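J.: structure here, sequence nowhere to be found:
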């Protein structure tokens, strides 16, 4: 049983930075892609960023490209989301997600490619 635990959310002002962390336990995820999704009330879960199994490739939604960076430390079983130049529209609950196989069958951008999910961490950006 894999458990993902996010941390690092909080309340910041527009233009500030935050770094989210997601640590896996129960099974190592060093051979599987990891991703961050976000969700606001009444909306579908939205893709933000993903990283492939060895960290050599990263993927970003257009809305965060150039401002967010995703990285992983497989030795620590942890994935990070560095969020810079935050905007009020980045306000959401951010979820960490982990795939089961090295190459997700549904692609990196869809939630159904990730069977493992964290509980979410709130990020609020004030204007």
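T.: Looks like it came in fine. Keep in mind the model is a prediction, meaning the values are calculated, not measured.

J.: now the strands: where do they sit in this protein?
T.: Assigned by DSSP state E, the chain shows strands spanning 3-7, 10-13, 18-25, 34-39, 46-51, 58-60, 68-73, 78-83, 92-98, 116-117, 121-126.

J.: redo the ones you listed as JSON lines? Include mean neighbour count and mean pLDDT.
T.: The C-beta positions use only the backbone N, C-alpha and C, and glycine is treated the same way. Formatted as JSON lines, these follow (neighbours: other C-beta atoms under 10 Å; pLDDT from 0 to 100):
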{"stretch": "strand 3-7", "mean neighbour count": "17", "mean pLDDT": "95"}
{"stretch": "strand 10-13", "mean neighbour count": "13", "mean pLDDT": "98"}
{"stretch": "strand 18-25", "mean neighbour count": "19", "mean pLDDT": "95"}
{"stretch": "strand 34-39", "mean neighbour count": "24", "mean pLDDT": "98"}
{"stretch": "strand 46-51", "mean neighbour count": "22", "mean pLDDT": "98"}
{"stretch": "strand 58-60", "mean neighbour count": "17", "mean pLDDT": "97"}
{"stretch": "strand 68-73", "mean neighbour count": "18", "mean pLDDT": "96"}
{"stretch": "strand 78-83", "mean neighbour count": "23", "mean pLDDT": "97"}
{"stretch": "strand 92-98", "mean neighbour count": "23", "mean pLDDT": "97"}
{"stretch": "strand 116-117", "mean neighbour count": "18", "mean pLDDT": "95"}
{"stretch": "strand 121-126", "mean neighbour count": "17", "mean pLDDT": "98"}
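
J.: next up, the contacts around the residue nearest to residue 64 when sequence neighbours are not counted.
T.: Nearest residue to residue 64, sequence neighbours excluded (C-beta to C-beta, 6 or more residues apart in numbering): residue 48, at 5.5 Å. Residues in contact with residue 48 (C-beta atoms under 8 Å, 6 or more residues apart in numbering) are 35-38, 60-61, 63-64, 68, 81, 94.
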